[in-house]
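Visitor: Kindly generate the corresponding structure for this input.
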Amino acid sequence: MLDIRQIVGAILFFALDPYHLSKHLKEALWYDEETYDKLCEAIYKGNLKSI
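Guide: Residues are numbered from 1 along each chain as shown. Prediction:
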């Protein structure tokens, strides 16, 4: 099973546009709103090490 860092790495590697980035994150993290919120904040701030 992929962990969150692998998912984020794959998403950022393929440089998805904001719509598709949001869509895939919601699909991957639909069950964990807290992690989704933290990940979105980290991406916005450009600090993925904070995850």
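Visitor: give me the low-pLDDT residue ranges for this structure?
Guide: 1-2, 10-16, 48, 51 (pLDDT under 70).
Visitor: Would you map the helices across this structure?
Guide: 4-13, 18-29, 33-45 (DSSP state H).
Visitor: Dump the ones you listed to CSV, plus mean neighbour count.
Guide: Any C-beta I mention is one placed from the backbone N, CA and C, and that applies to glycine too. CSV is the format used below for those (neighbours: other C-beta atoms under 10 Å):
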stretch, mean neighbour count
helix 4-13, 14
helix 18-29, 14
helix 33-45, 13
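Visitor: and Trp30, backbone torsions?
Guide: Dihedral angles of Trp30 (phi, psi; degrees, to the nearest 10) stand at phi -60, psi -30.
Visitor: burial measure for it, as a count.
Guide: Neighbour count of Trp30, defined by other C-beta atoms under 10 Å: 9.
Visitor: Could you pull up the residues touching it?
Guide: Tyr36 (C-beta atoms under 8 Å, 6 or more residues apart in numbering).
Visitor: how close does it sit to His24?
Guide: 11 Å (C-beta to C-beta, to the nearest Å).
Visitor: Gly9 now?
Guide: 13 Å.
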